[in-house]
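Novice: model the following, please.
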Amino acid sequence: MPQQLLEYKCPACGASLQFDSGSQQVVCPYCDSSFSPQDLIDYDSFLKEDAQNETSDPWSKDAERWEKDEASGLNVYTCAACGGEVLGDDTLASARCPFCDNTVIMKRQFTGEWKPDLVLPFKLDKKAAQDAFRKHLHGKKLLAKEFRSESNIKEIKGVYVPFWLFSSDVSASMRFKGTTSRAWTDGSYDYVETSNYALLRAATARFNRIPVDGSEKMDDALMDSLEPFDFSEAVDFQTAYLSGYFSDRYDVEADVSVDRAKARFSKSMVSRVASTTGGFNGVTMESTTISERNNKREYALLPVWLLHVKWQNKLYTFAMNGQTGKLVGDLPLDRKQLWKYRLLYGGIFAGVLAGLVLLGHFLGCGGGCL
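Specialist: Numbers count the residues shown, from 1 in each chain. Prediction:
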């Protein structure tokens, strides 16, 4: 049978509550009541109790009409407000009901091993995200009109993206070969003296909360480009922060993601240690040993505004850090616009050039010929 969805209802009027990034409160858009996320913490204990009792099949009988390959990875959820059914994949954690627009949270996605340790609340609202995207497009004359479409810009969505955060004390032991040389002449012969040095370096550093996205849906490079996040503003997870936003749970395990974190540890340590080998004509790294200890991992939901624009059968994704406002995403060149501008400015240039030629001819005749 369909899974039930958790909704935060306003105690005053019964409307669906939403998290407001400006006030950092959970507010009612209808009666203006507001509550702190702490006021709604009882819902989290409700989730734990409910998870112990939930043994139902996530598929309804209606879903059995789907072909097996179509139904794979899909679940049917029932909105408690209107009874409408919402389709979502195995990782969908919160969304809006397409029938009544209420914010709904998939309860079992935040229980047990799937419950996040931390959440970093949104600080920038939807209007700020839309304005930032418009500013990103400003002055780009050769951009396809689809990217400027207000109907597309209005579709920007706030999403809590699942991330693994890795912390570790990293030690590096490295050996380099450094060379110096000097040259001179005595008038009869030229001399070059080369000296070789063994350079031994060791260093330790603490890496705190290095983020690695835990969603296969998200492009790793795009998510990496959104850094940094200020984790001093992270709070213990409460489902109240999800009200009004979409969210997914992780589908990439921490044991897989840790390899990306280790690669970042290693790259950073090599770069830092290599920077201490100045003063030589040449430096070659001969060996390196890197180890980690006091490792810690945390599961967190981080705020991201996402916009998808389809153009020429290709999907372009733009992302904005919901805490800092940093926006990333590639914009394609519209060749039709390019040729239009070439023709326009080519015609203007040709007209100006022709005018200058006629003016020169006129002046050369002393103004007495046509």
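Novice: would you verify that Leu143 is located in a strand?
Specialist: No - looking at Leu143 with DSSP: H, G, I helix; E, B strand; the rest coil, it is coil, so not inside a strand.
Novice: okay, it and Phe133: tell me how far apart.
Specialist: 12 Å (C-beta to C-beta, to the nearest Å). Glycine gets a C-beta too; all of them are placed from N, C-alpha and C.
Novice: more crowded one of the two?
Specialist: Phe133 (21 against 16; other C-beta atoms under 10 Å).
Novice: domain ranges for this protein?
Specialist: 3-110, 157-328, 334-370 (automatic domain parsing).
Novice: can you report how many residues neighbour Ser257?
Specialist: 21.
Novice: which helix or strand contains it?
Specialist: Ser257 is part of helix 254-274 when elements are defined by DSSP states H and E.
Novice: what's the mean pLDDT across that helix?
Specialist: Averaging pLDDT along helix 254-274 yields 94.
Novice: swap in stretch 118-127?
Specialist: Mean predicted lDDT for stretch 118-127 stands at 94.
Novice: identify each buried residue in that stretch, please.
Specialist: By neighbour count with 16 or more other C-beta atoms under 10 Å, stretch 118-127 contains the buried residues 118-126.
Novice: doesn't Lys310 fall inside a helix?
Specialist: No - under three-state DSSP, Lys310 falls outside any helix and is assigned strand.
Novice: what bridges to it?
Specialist: Under DSSP bridges, the beta-bridge partners of Lys310 are Leu315.
Novice: who does the helix holding Ser257 touch, helix- and strand-wise?
Specialist: Secondary-structure packing of helix 254-274 (3 or more C-beta pairs under 8 Å, 6 or more residues apart in numbering; DSSP states H and E): strand 157-185, strand 190-213, strand 282-311.
Novice: got the CA positions of it in CSV?
Specialist: C-alpha atoms of helix 254-274 as CSV (Å, rounded to 0.1, in the frame of the first residue of the first chain):
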residue,chain,number,x,y,z
ALA,A,254,30.1,6.3,2.8
ASP,A,255,32.6,3.5,2.1
VAL,A,256,32.5,4.4,-1.5
SER,A,257,32.6,8.2,-1.0
VAL,A,258,35.6,8.1,1.3
ASP,A,259,38.0,7.4,-1.6
ARG,A,260,37.2,10.8,-3.0
ALA,A,261,37.8,12.4,0.4
LYS,A,262,41.2,10.6,0.7
ALA,A,263,42.2,11.8,-2.8
ARG,A,264,41.5,15.4,-1.6
PHE,A,265,43.5,14.8,1.5
SER,A,266,46.4,13.5,-0.5
LYS,A,267,46.4,16.2,-3.1
SER,A,268,46.3,19.0,-0.5
MET,A,269,49.1,17.5,1.6
VAL,A,270,51.4,17.0,-1.5
SER,A,271,50.8,20.5,-2.6
ARG,A,272,51.4,22.0,0.8
VAL,A,273,54.6,19.9,1.4
ALA,A,274,56.0,20.5,-2.1
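Novice: for Leu331, give its distance to Ile153.
Specialist: Noted for Leu331: a distance of 14 Å to Ile153, by C-beta to C-beta.
Novice: now swap in Val309 and tell me
Specialist: Applying C-beta to C-beta to Val309 and Ile153 gives a distance of 9 Å.
Novice: for stretch 287-305, buried residues please.
Specialist: Within stretch 287-305, the residues that count as buried by 16+ other C-beta under 10 Å are 288, 290, 292, 297-305.
Novice: Ser173 pairs with what?
Specialist: Beta-bridge pairing for Ser173 (DSSP bridges): Ala202, Thr289.
Novice: again, but for Trp305
Specialist: Beta-bridge partners, per DSSP bridges, of Trp305: Gly158, Met320.
Novice: pLDDT wise, what is it at?
Specialist: So, for Trp305, pLDDT stands at 95.
Novice: contacting residues for it?
Specialist: Trp305 sits next to 124, 126, 129, 156-159, 319-320, 322 when contact means C-beta atoms under 8 Å, 6 or more residues apart in numbering.
Novice: which one of Val309 and Ile153 is surrounded by more residues?
Specialist: Neighbour totals were compared for Val309 and Ile153, and Val309 leads with 21 against 17 (other C-beta under 10 Å).
Novice: check that one and give its pLDDT.
Specialist: Confidence at Val309, expressed as pLDDT, is 84.
Novice: what sits up against the helix holding Ser257?
Specialist: So helix 254-274 is contacted by 164, 166, 168, 170, 172, 174, 176, 201, 203, 205, 207, 210, 212-214, 220, 283, 285, 288, 290, 292, 297, 299 (C-beta under 8 Å, 6+ apart).
Novice: list the buried residues in it.
Specialist: So helix 254-274, judged by 16+ other C-beta under 10 Å, has buried residues 254, 257-258, 260-262, 265, 269, 273-274.
Novice: now stretch 136-156
Specialist: Neighbour counts over stretch 136-156 (16+ other C-beta under 10 Å) mark 136, 143-144, 147, 152-153, 156 as buried.
Novice: any low-confidence regions in the chain?
Specialist: Along the chain, segments meeting pLDDT under 70 span 1-9, 11-15, 30-31, 39-111, 333-370.
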